[in-house]
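Q: Generate coordinates for the sequence data below:
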Amino acid sequence: MKCIEIREYGAPEVLVPAERATPVAGAGEVLIRVSASGVNRPDVLQRTGNYPVPPGASDLPGLEVAGVIESGDAGAMAEAGFKPGDRVCALVAGGGYAEYCVAPVAQCLPVPQGLSDVEAASLPETFFTVWSNVFDRGRLQQGETLLVQGGTSGIGVTAIQMAKAAGATVIVTAGSDEKCTAALELGADHAINYKATDFAEEARKLTDGQGVDVILDMVAGDYVKREVDCLAEDGRLVIIAVQGGTKADFNAGLVLRRRLTITGSTLRPRPVAFKAAIAQALKARVWPWLADGTIKPVIHSVFPATEAGDGLPSGAARAHALMQSNQHIGKIVLTWN
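A: Predicted coordinates for the structure are as follows:
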């Protein structure tokens, strides 16, 4: 099968087309003939040597795919209501940048009605992440206010739409007026250009001094101090990436007085059973929103995975270059047709 390998750790050009044997599905798994693969920030971290592959996972990058079930564990498929030929999207621990990918049956979901494979491939990583962190860990409730750092990222556009569908008020940060406008068009109630305005001060103003109930943070570092400052009583800060650094200095007294919760998580190394529970919650709560158009996938660019261009050896390399530029709004997807 065709795939994309990381030749060595480094810049986007280390992502090169290759040929490998087609993987074989084991117990509780299916083999998916991949039409499209989503591109995510952890893929960039893996490419640069900053995100180790979990034990037992493929060394190929790629954490989400969409396509057709080719074969697999018949009993597990029957129990989940799947059969060969069904269109699915899946969260995987690696191996997504390939024409064929093995996935746990429990981490597969049917392609929502009316969606293309490209749109479906953009869903698993961000939807599993947002549900797990905003709704499970962050316990966001109807009527509360969510602050999303990086509102036009793949995570951001998902968080905006899911939180609005759940009845929350959404404030986002973004790095340009253009991105702020895009976030508002996606349904955010307020958008703050963090390069022009102090987001914590603005968030307090927008909530009449009360502060926000939940913050979804992909930055960490010196953001944490300001995030603690703008949380409401009983507020929850959920950290899912540390793009701004791992060290933070904040007022612990505020944590005590306001009864704040600071938490965080990474999804990739968690066990299948944990991800299976998220999949079932998504199928019950969020998939109907996708089917009726309440939530829509936001696709910025699509690249043929193995096609060279722009001086780079593959579409995957071009996709990573785009992601690192931070110029995209929504998701970047690779295709294999």
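
Q: can we go C-alpha only for contacts and neighbour counts from here?
A: Will do.

Q: Checking my notes, Ala232 in a strand, right?
A: Yes. Counting by DSSP: H, G, I helix; E, B strand; the rest coil, Ala232 is found in a strand.

Q: Was I right to think it contacts Thr207?
A: No. Using CA atoms under 8 Å, Ala232 is not in contact with Thr207; the gap is 9.1 Å.

Q: which one of those two has more residues nearby?
A: A count of neighbours by other CA atoms under 10 Å puts Ala232 above the other of Ala232 and Thr207, at 20 against 16.

Q: Retrieve the pLDDT associated with the more buried one.
A: For Ala232, the pLDDT comes out at 98.

Q: Could you find the closest non-adjacent residue to it?
A: Closest residue in space to Ala232, ignoring its immediate chain neighbours: Gly211 at 4.1 Å, by CA to CA, 6 or more residues apart in numbering.

Q: With Cys3 instead?
A: Ala98 (4.0 Å).

Q: Where do the helices of this protein begin and end?
A: 41-47, 74-80, 117-121, 124-130, 154-165, 177-185, 199-206, 223-229, 252-257, 272-281, 287-291, 315-325 (DSSP state H).

Q: Mean pLDDT for those - can I get that in TSV?
A: As requested, the helices of the chain are arranged in TSV below (pLDDT from 0 to 100):
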stretch	mean pLDDT
helix 41-47	97
helix 74-80	98
helix 117-121	98
helix 124-130	98
helix 154-165	98
helix 177-185	97
helix 199-206	98
helix 223-229	98
helix 252-257	98
helix 272-281	98
helix 287-291	97
helix 315-325	97
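
Q: which one of these lies closest to Ser301?
A: Closest approach to Ser301 among those (CA to CA): helix 315-325, 8.0 Å.

Q: Only alpha carbons, please: show that closest one as CSV.
A: C-alpha atoms of helix 315-325 as CSV (Å, rounded to 0.1, in the frame of the first residue of the first chain):
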residue,chain,number,x,y,z
GLY,A,315,0.9,16.5,-0.2
ALA,A,316,1.4,15.5,3.5
ALA,A,317,4.5,17.8,3.6
ARG,A,318,2.5,20.6,2.0
ALA,A,319,-0.3,20.1,4.5
HIS,A,320,2.2,20.3,7.4
ALA,A,321,3.8,23.4,6.0
LEU,A,322,0.3,25.0,5.9
MET,A,323,-0.5,23.9,9.4
GLN,A,324,2.8,25.4,10.7
SER,A,325,2.0,28.7,9.0
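
Q: Buried residues in that helix, which are they?
A: Buried residues in helix 315-325, defined by neighbour count with 16 or more other CA atoms under 10 Å: 315-321, 323.

Q: That one - contacts with which helices or strands?
A: When contacts are defined as 3 or more CA pairs under 8 Å, 6 or more residues apart in numbering; DSSP states H and E, helix 315-325 packs onto strand 15-19, strand 299-304, strand 331-335.

Q: Tell me, how many residues neighbour the closest residue to Ala182 other than its chain neighbours?
A: Excluding the flanking residues, the one nearest Ala182 by CA to CA, 6+ apart is Thr152, at 7.3 Å. By the other CA under 10 Å criterion, the neighbourhood of Thr152 contains 30 residues.

Q: can you pull the contacts of Thr152?
A: With contacts defined as CA atoms under 8 Å, 6 or more residues apart in numbering, Thr152 is in contact with 174, 179-180, 182-183, 328-330.

Q: and it, what pLDDT?
A: As predicted, Thr152 sits at a pLDDT of 96.

Q: That one and Asp43, how far apart?
A: For Thr152, the distance to Asp43 equals 18 Å [CA to CA, to the nearest Å].

Q: Also Leu184?
A: Leu184 sits 28 Å away from Asp43, going by CA to CA.

Q: ditto for Pro313
A: Taken as CA to CA, the span from Pro313 to Asp43 is 17 Å.

Q: ditto for Ala57
A: Per CA to CA, Ala57 is found 14 Å from Asp43.

Q: swap in Cys180?
A: Per CA to CA, Cys180 is found 25 Å from Asp43.

Q: So between those two, which is more surrounded?
A: Cys180 (23 against 20).
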